[in-house]
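> below is the sequence, then the predicted model.
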Amino acid sequence: MPQLHLDPDRALPPDPTTRELARTVYAATRSLPLVCMHGHVDAALLADDTPFGDPASLLITPDHYVTRLVHAAGVPLEALGVGPSATTDPRAIWRTFCANWRLFRGTPSRYWLTHELVEVFGVAVVPSAATADALYDALSSRLASPEFRPRALFSRFGIEVLATTDSPLDDLDAHARLAASGWEGRVIPTFRPDALVHLDRPTWTADVAALAKRADVPTDDYDGYLAALRARRQAFIAAGALATDHGHESADTTPLPPAEARRIYAAALSGQVAPAEARAFAGHMLHQMAAMSCEDGLVMQLHPGVLRDHSTDAFEQYGPDRGFDIPVTAEFTRSLRPLLQSFGRHPTLRLILFTVDETVYSRELAPLAGVYPAVRLGAPWWFLDSPEGLRRFRASVTETAGFYNTAGFVDDTRAFASIPARHDLARRIDAGYLAGLVAQHHLDLDEAIETAVDLAYTIPKEVYTRPAT
Amino acid sequence: MPQLHLDPDRALPPDPTTRELARTVYAATRSLPLVCMHGHVDAALLADDTPFGDPASLLITPDHYVTRLVHAAGVPLEALGVGPSATTDPRAIWRTFCANWRLFRGTPSRYWLTHELVEVFGVAVVPSAATADALYDALSSRLASPEFRPRALFSRFGIEVLATTDSPLDDLDAHARLAASGWEGRVIPTFRPDALVHLDRPTWTADVAALAKRADVPTDDYDGYLAALRARRQAFIAAGALATDHGHESADTTPLPPAEARRIYAAALSGQVAPAEARAFAGHMLHQMAAMSCEDGLVMQLHPGVLRDHSTDAFEQYGPDRGFDIPVTAEFTRSLRPLLQSFGRHPTLRLILFTVDETVYSRELAPLAGVYPAVRLGAPWWFLDSPEGLRRFRASVTETAGFYNTAGFVDDTRAFASIPARHDLARRIDAGYLAGLVAQHHLDLDEAIETAVDLAYTIPKEVYTRPAT
Amino acid sequence: MPQLHLDPDRALPPDPTTRELARTVYAATRSLPLVCMHGHVDAALLADDTPFGDPASLLITPDHYVTRLVHAAGVPLEALGVGPSATTDPRAIWRTFCANWRLFRGTPSRYWLTHELVEVFGVAVVPSAATADALYDALSSRLASPEFRPRALFSRFGIEVLATTDSPLDDLDAHARLAASGWEGRVIPTFRPDALVHLDRPTWTADVAALAKRADVPTDDYDGYLAALRARRQAFIAAGALATDHGHESADTTPLPPAEARRIYAAALSGQVAPAEARAFAGHMLHQMAAMSCEDGLVMQLHPGVLRDHSTDAFEQYGPDRGFDIPVTAEFTRSLRPLLQSFGRHPTLRLILFTVDETVYSRELAPLAGVYPAVRLGAPWWFLDSPEGLRRFRASVTETAGFYNTAGFVDDTRAFASIPARHDLARRIDAGYLAGLVAQHHLDLDEAIETAVDLAYTIPKEVYTRPAT
């Protein structure tokens, strides 16, 4: 069977001089622990340490990076296990995936999956219609063995800390069980209140009612709502949280006068909120969240610029997170101005900015991060968490913001088994970028090595620290 | 006389390792037939097989890529044969061009013209004031000989199929004569209804009247107008058409309620249409055209984002297509949503998207093509059909959309003699990009070769097929 | 002490073949005189030839490229000598800077400062907490010696001409003194009327009153105001000026009907101007300035797209130009259309366009410059005047506009001692870009060398010439 090969020089620059330098830089970071501050892994996975299921339900069905590309080629999502009338035979799903392996040429999914098959699971076979069954069987037998259970992999991966992403409504029970279990792995929650600050989401009314219960603070007026959010932030902090996360379509942060915020909140409770009011309230709440971060020191992460569920039809058939979230133009300079006017030079705010619109890198993000002490640039996110994407990020922001106004590498992983591949890729790309600076005599090699270590490890550790408040 | 030289390694990456790989990849595509699905060559040229005229009227005057750059240096367009009071001496025009050869340094026109002079016409002399006359004489003698007539060049170029771009008002007589002639070359029309869907164009009233005649379907109301367009699509299909083409300033595809469409159409017929109504109707008609493509299987091509005739003054003096069409910001995510909501997962729609605004590559186009089965990304168009433009396209879209959600190479040729140069350049750039992936161990060499063949030949053939409806 | 090293190959491409070619190209430009057409150096510096002060007040405090990055790391601007309650001890400021040297890794400031320390001042020591005092002392002793006074450096730098940037209210006394002094250095003013055309600036009323006095033309109505501006342009021309410069948030150039311009001007004089009126008037005045340039031949420079003083708080504490000017999306195609419709093909207009929004390079700027005789593209400006920024500029615009529709290299220097470093960097990057074209056989080496000389010297000299009017 044709073999998959993980070349030791993969993702390093092709020019021999630069490659040699990149090898040296990469050698200094390849074995550093993984600091994973922005993941989407379920804490229960580690609390329960249940074995992973079959190969398809581990690697294919839940990964919208994978299912979207196969669907784009005309394969129904059902054939990949997605949706209520989906195929339930995991082997059939796996075969469909393997037969479409060529669709992933040139994509980071190909990089991650290859790394997972070779490094994590030790099955170095090129997926194809011919090899699908053999691969399936080999993977299945791996998954049945104890060293492929979540905690064992966590240790093997060298994860120093893993942040999950959690609703304020979450009881954090899995995190509590992890803490109580005596297991040495560090897993912490992240406070993500999106559903509660978007007044026009269908579930909003139910969600604020649930918030009141969870926080034990009535949310029947705006002041109670803020108090309940504050209470949940404290509960998250008690459970180890270091950060909040905010996914908004726009980066607008314009605060409302308190009376107007109260009025809109009350209108929403009675089901009478206009779309423009809901948008204004969402922007207002980003300003409020920054104010609370100044109080309690939670690092604030902002991921704007995505139109969720572009296909209503697909959303209704398959639910959210199926690949139909499409970026739109982002704007930060004017949108963040109210927040930065208020808190951009506040000593305890850390605001980490992410984007899927690369045009803002050199125009807006690097200039903002290059002057406001509160601002740090998050790593390339989502579609941009890729070899060229990571490279363009460094090439676009470094000259204006330097390295030390970025947040280092922050993975945004949904698929647990891909965590090492993502960190490894980022370390290789940063090594290549730094090696290029050395090759062009912009940097000395010892500085490049020190910077690489900082980007991979020191900076994320330092940035995601709750400052004394 | 200083010689022009076509280096066998031109446009391949400079790094020796990558270049060697690129040579291997390019060798697999360099002799493949040319699939030319989006040209602006006049079918009559091939139907009549009349000899080309003098060098200036073949290579200079009709090519706005050439005339614009010389004009930008301060040379009146008249000196290049453009406009009613233009120089009529082709040798004088040719001398002006040759004396300005340095203006083309670093441009794709330089690449194409060099290829044409050396490969197509066998006159390898560097253009300059000193060489202009000798070059003119050599070219003139070539053009007088039978092997430089259009059909002979068509065969020599290895063109497998050539699509022209045609108004629904065109009687397709040249295509009929070609079909009847027994000549083996395949030349097919493309349905481009822009003039008929923009209600505010000065010629619109006359054009819908002509449409009624040509289709033999009355167009005095909206329903008749749609029926007439449908009838012309069928006539184009009968003449071999595989695709439609749409050039709109915006990519908006919002459908109007039928009553509103009828009302605006009627208003336009009576000369009473407001600019906003005309814009809304144009967007509505893109939605209608997609609906018709679902019915009849014509592949739909969309080229938005250009402000035509930026200089009214130049338009009035020299007419359209003189280099004064300037791109504006493009937007696809929200604009295409109505169309994609309706038809993006329809089994018989193929929607090929082009842009001259590169900012949408990674932000909007690749994410849309990476999930909607109907969407394919067209090749870099117009100003972007250039070495760096082609390279940036692959670097920006591949990681999110892969190779197989693109349409492969699609040339947009106005100058017949430049067709081979354009395909050759695209094959070289794709070879270099794929070689880079191999050099970075993202792809195996055999996969790179297979992908290169797919991009150059297999994919365009497959994409521009009318699906069974 | 660890030594700073200026490698002879710095900023050249790493690939050995391309580097060798780049060395050859660079050798042809490295010693050419410096044509500095857009500086922010104070003419009095050269008129008085006063010695520079201490290292901190020469290299740190006035340079917002430097202070912003240190501030972004959390250091108060006061510690860098900025603001009313700033540290006044220059040695303490210097120590703070040296201790933060790593923040500049990968930035052009690092490149320029290294060049200044090694080449201009001959103190090749890596800044750090440990070396700060030694460096300070060495620099101080250099600055006390005659060969480090402004005129001596001007000569040593090989500056052929230095343009300053001046308000129409400036009496040009320093320029007059320079002319009268018999010194051979050529220093010319540039007409920058921003404060006078933005009706909503707090100082506007006082400024137009001062304009009346300076021009000896009453400005109590719009026609007088235009006449006063014309008179000042003539005074600038008499003092050697070749150009005007315009910094606007938007590139809008829509002319107002004269009656409307008169009405808004009168309203502004009585303190009654609305923000939208002020914006419209600013756009109108760009159109007027182009009309005046057609009359008097001053080259027009436009720098749009920056939101000044993003942090009101920082502005109030520290004043303007402290790093809080943040770019916004730029738009040229529609904004410049009125101006270009009127004057874009006028034989005596030269309009040089700058941007800090790179998205317009290939989409708008190169297409406009590639057809309108009046338009030239300015060099990458501000944050983009950097190795990658200069490279992306050439890669994005050359294929559409060629080299000869750019203005060659135009530095935008605030720090006098950095002038040679900036020209040197641009020459290296252009050498590398041209070498890449040679390596890919797009250009012959002799053409590359000629083009490099044109970009560094011939073109800026030719572009910044007042055409006969």
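Noted; the coordinates are in hand.

> the domain parsing of chain A - what is it?
As given by automatic domain parsing, the domain ranges for chain A are A:53-146, A:150-463.

> how about JSON lines for the ones you listed, with distance to C:Leu12 and mean pLDDT added?
(Each C-beta comes from the backbone N, C-alpha and C, glycine too.) Below are the domains of chain A laid out as JSON lines (distance: least, C-beta to C-beta, whole Å; pLDDT from 0 to 100):
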{"stretch": "domain A:53-146", "distance to C:Leu12": "30", "mean pLDDT": "97"}
{"stretch": "domain A:150-463", "distance to C:Leu12": "7", "mean pLDDT": "97"}
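
> thought A:His284 was touching A:Pro255?
Yes: judged on C-beta atoms under 8 Å, A:His284 makes contact with A:Pro255 at a distance of 5.4 Å.

> between those two, which one's more packed in?
Shown here are A:His284 and A:Pro255; by other C-beta atoms under 10 Å in any protein chain shown, A:His284 has more neighbours (23 against 20).

> could you find the closest non-adjacent residue to the more buried one?
Leaving out its chain neighbours, the residue that sits closest to A:His284 by C-beta to C-beta, 6 or more residues apart in numbering or on different chains is A:Leu256, at 4.3 Å.

> which of the three states applies to that neighbour?
Recorded secondary structure, A:Leu256: coil (DSSP: H, G, I helix; E, B strand; the rest coil).

> show me what contacts it?
Counting by C-beta atoms under 8 Å, 6 or more residues apart in numbering or on different chains, A:Leu256 touches A:264, A:280-281, A:284.

> ranges for the strands of chain A?
Ranges of strands within chain A are A:34-36, A:159-163, A:187-188, A:243-246, A:299-302, A:306-307, A:326-327, A:351-353, A:375-377, based on DSSP state E.

> partner strands of the longest one, parallel or antiparallel?
In this case it means strand A:159-163. Here strand A:159-163 has these sheet partners by DSSP bridges: strand A:34-36 (parallel), strand A:187-188 (parallel).

> didn't A:Glu249 look like it was pressed against A:His303?
No: with contact defined as C-beta under 8 Å, A:Glu249 does not count as touching A:His303 (10.5 Å).

> quick one, which of these two is more surrounded?
A:His303 (22 against 15).

> run through the residues of the stretch 51-200 of chain A sitting next to chain B.
Counting by C-beta under 8 Å from any C-beta of the partner chain, the positions of the stretch 51-200 of chain A adjacent to chain B are A:68-69, A:71-74, A:102-108, A:110-111.

> tell me the contacts of the residue nearest to A:Leu32 when sequence neighbours are not counted?
Nearest residue to A:Leu32, sequence neighbours excluded (C-beta to C-beta, 6+ apart): A:Tyr457, at 4.6 Å. Residues near A:Tyr457 by C-beta under 8 Å, 6+ apart: A:29, A:32-33, A:35, A:408.

> please repeat the previous calculation with a cut-off of 7 Å.
A:32-33, A:35 (C-beta atoms under 7 Å, 6 or more residues apart in numbering or on different chains).

> for chain C, see how far away it is.
Distance, A:Tyr457 to chain C, by C-beta to the nearest C-beta, to the nearest Å: 16 Å.

> relative to A:Ala415, how far out is that residue?
Distance of A:Tyr457 to A:Ala415, computed by C-beta to C-beta, to the nearest Å: 22 Å.

> which residue ranges of the stretch 101-250 of chain A form helices?
Secondary structure of the stretch 101-250 of chain A (DSSP state H, counting those that start in this stretch): helices at A:108-115, A:132-143, A:150-157, A:173-181, A:194-197, A:204-215, A:222-238.

> what is the neighbour count of A:Trp101?
A:Trp101: 18 surrounding residues under other C-beta under 10 Å.

> what's stretch A:28-35 in contact with?
Contacts with stretch A:28-35, where a contact means C-beta under 7 Å, 6+ apart, come from A:157-161, A:419-420, A:423, A:427, A:431, A:449, A:452-453, A:456-457, A:460-461.

> what do you get for stretch A:314-322?
Defining contact as C-beta under 7 Å, 6+ apart, one finds that stretch A:314-322 is touched by A:64, A:67, A:77, A:82-83, A:308-309, A:324.

> ok, 6 Å please
Identification of contacts with stretch A:314-322 by C-beta atoms under 6 Å, 6 or more residues apart in numbering or on different chains yields A:64, A:77, A:82-83, A:309, A:324.

> buried set for it?
For stretch A:314-322, burial by neighbour count (16 or more other C-beta atoms under 10 Å in any protein chain shown) applies to A:314-315, A:317-318, A:321-322.

> which pair of those spans the longest distance?
Greatest spatial distance among those (C-beta to C-beta): A:Gln317 and A:Asp321, at 13.3 Å.

> same list (the domains of chain A) but as a markdown table, adding distance to B:Leu340.
Below are those laid out as a markdown table (distance: least, C-beta to C-beta, whole Å):
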| stretch | distance to B:Leu340 |
| --- | --- |
| domain A:53-146 | 12 |
| domain A:150-463 | 7 |
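
> among these, which comes closest to C:Arg376?
domain A:150-463 (22.2 Å).
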